[in-house]
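1. Build me a structure from this.
(2 chains)
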Amino acid sequence: MINVTIGQFVPGNSLLHRLDPRTKVVCVIATAIAVFIIASWYEFALLTGFVFLSMILTGISAKIFFRGLLSIWLLLAVTFFLQALLTPGEVWFGLGFLKVTKEGLAGGGQIFLRLVLLILIAFLLTLTTSPVNLTAALESILAPLRRVGVPTHELAMMMTIALRFVPTLLNEADKIAKAQRSRGAGFGSGGAMDRVKGLLPLFVPLFAGALRSAEELAVAMEARCYRGGANRTRMHSLTLKPEDYMTLLITFAILAITVWLRYT
Amino acid sequence: MPVIKVENLTHVYSRGTPFEVTSLDSVSLEIQRGEFYALVGATGSGKSTLVQHFNGILAPTGGNVRVCGIDVANKGLRRELWHRVGLVFQQPEHQLFEETVFDDVAFGPRNLGLNNAEVRERVIDALRLVDLDPEEVGRTSPFRLSGGMRRKAAIAGVLALRPEVLVLDEPAAGLDPVSRRQLMERIDRLRGERGITVVLVTHNMEEVARWADRVAVLHKGRLAMEAPPREVFNKTEELRALGLDVPATVELMLRLQARGLPVRADLLTIDEAVVEIARILNMERNMEMRQPGV
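-> Numbering: from 1, shown residues only, chains lettered A, B, ... in the order given. Next up is the predicted model:
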């Protein structure tokens, strides 16, 4: 089975699951800004603490967060080492032309932490919010743009459908790969050209299938009289509850503290 | 000698995640060489998961599976296993990808590293087996065929591997009645002529009654029954409790019994049913003749 943790919703009933998705989107943006502003290790500690506390509040096993981080370990490692090696300053230790500097180590460590924090923040949103709720939030937040002619509902619907079909496509790809392997297909062996050719037995049926499901979905939607966003109401309308206001207050307080520490 | 030997097979999907599902729970069974073996069970009973172990597409999470003496968990022998076990997945027509039907059917034999003459011979043979004209259909794009012909072309793609064991996951689902019967006849003939073992996953009890030597009933990942069809269909109540049904002939006989006719209910095919009903009718007539005035 193909395993994807990025963007996978884990159902639950924690405080973070229950928050209004709009609150979560706004808080994620605010916290991400804070992650870019912070400079001192105290501020890093404050934000790391905040993110860890939120992670505990989700009730989702730390393993799942960690597995998501593992998927980008290469990016993390490369940025850390480039930073550590290429920053001029006081040399910590050297190996030939490679010189690790104190400043580089500190800078690399900060960038590493920043990236990890950003990803964890994104996970806090995607692991606790179903794709449907997520797009509902985006649609609601972007609603003012409707006035200037941005088709917000259509965009949100496209996103919902795209997200909805990611697991379906992965399942389909898995099934096709199994079937072709049963006929002796060897994926990912041989030279570059062979490898590309080797993917055809997977991709041709996959795309043919995707086009077929797209057509079927369009017919199914039309059969139920779907005709875009005009006057459409929701089954679950979004309402801000007291805990939403509290969360927003706390998050913006943290953003305000980081801004104040940085610019005064 | 069993060609497939399954011992305490357990399969768990997504182990260690919140999505963990136990699909098979200590299943043990043996399939003999040359046998026509059917697997039935309600949706989600684990039939497809079970057959995907037969050619090493899935590895057991517990227990073990040996096919033709090969342990399917042994990754080094997977290629060997793919030569010997042909697996036709559900809706195999969705896996066609080549420009022509000929090339698509040739995909398997070419992967075996055969030379062109051998590939050609196997493709033509396989297409004939499923009743497709190699000259005419062979040159068309698989995407231009009708659904039923596409299904046949896809099955030919597996037959061209000349497997010892042919596993079919609902091969006849969605086909019209005539194609359905033809397909089953062909598969059974192949078994007779080439001595291959057939494992059929199906929801169709008539097919089981007509073709299978033995049938296994899976229920929620466990083996609920395993016996010749005649014995299994005798346990009507049990089958219904498992979300399955008996063939129409058995149903008819049971209803006749309920009306007080002394017919046998362990009949599988329509021909057998006709003979039995004729026998009973004759008996009644004889009784009337012996007791005039009744």
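2. Which residues of chain B lie near chain A?
-> Where chain B comes near chain A, counting by C-beta under 8 Å from any C-beta of the partner chain, the residues are B:13-14, B:16-18, B:52, B:55, B:57, B:79, B:82-83, B:86-87, B:89, B:92, B:94-97, B:107-108, B:111-112, B:143, B:157-158, B:161. Bear in mind the C-beta positions are built from the backbone N, C-alpha and C, glycine included.
3. Show the buried residues in those.
-> Listed as buried from the residues of chain B next to chain A are B:17, B:52, B:55, B:57, B:82-83, B:86-87, B:89, B:92, B:94-97, B:107-108, B:111-112, B:157-158, B:161; burial here means 16 or more other C-beta atoms under 10 Å in any protein chain shown.
4. Looking at the stretch 151-264 of chain A, what residue ends up closest to chain B?
-> Here the stretch 151-264 of chain A gets closest to chain B at one residue, A:Gly184, 3.2 Å apart by C-beta to the nearest C-beta.
5. Spit out the contact partners of that residue.
-> A:Gly184 makes contacts with B:79, B:82-83, B:107-108, B:111-112, B:161, as judged by C-beta atoms under 8 Å, 6 or more residues apart in numbering or on different chains.
6. Adding pLDDT, write those residues out as a markdown table.
-> Supplementary listing: the contacts of A:Gly184 in a markdown table, determined by pLDDT from 0 to 100:
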| residue | pLDDT |
| --- | --- |
| B:Arg79 | 80 |
| B:Trp82 | 84 |
| B:His83 | 83 |
| B:Phe107 | 93 |
| B:Gly108 | 91 |
| B:Asn111 | 88 |
| B:Leu112 | 86 |
| B:Leu161 | 91 |
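7. if we can go back for a sec, show me the buried ones among the residues of chain B next to chain A that map onto helices.
-> Among these, the members falling in helices (DSSP state H) are B:52, B:82-83, B:107-108, B:111, B:157-158.
8. Can you list the low-confidence ranges for the stretch 151-294 of chain B?
-> Applying pLDDT under 70 to the stretch 151-294 of chain B flags the ranges B:291-294.
9. would you list every one of the strands in it?
-> B:165-169, B:197-201, B:214-219, B:222-227 (DSSP state E, counting those that start in this stretch).
10. and A:Leu95, what are its phi and psi?
-> Per-residue torsions, A:Leu95: phi -130, psi 90 (degrees, to the nearest 10).
11. Quick check, pLDDT for it.
-> On the pLDDT scale, A:Leu95 is placed at 73.
12. residues near the residue lying closest to B:Val51 once chain neighbours are set aside, how many?
-> Counting by C-beta to C-beta, 6 or more residues apart in numbering or on different chains, B:Val51 lies nearest to B:Val167, which is 5.0 Å off, once chain neighbours are set aside. Counted by other C-beta atoms under 10 Å in any protein chain shown, the residues lying close to B:Val167 total 28.
13. and what of A:His153?
-> 17.
14. Show me chain A divided up by domain.
-> Annotated domains of chain A cover A:15-129+A:239-263, A:152-223 [automatic domain parsing].
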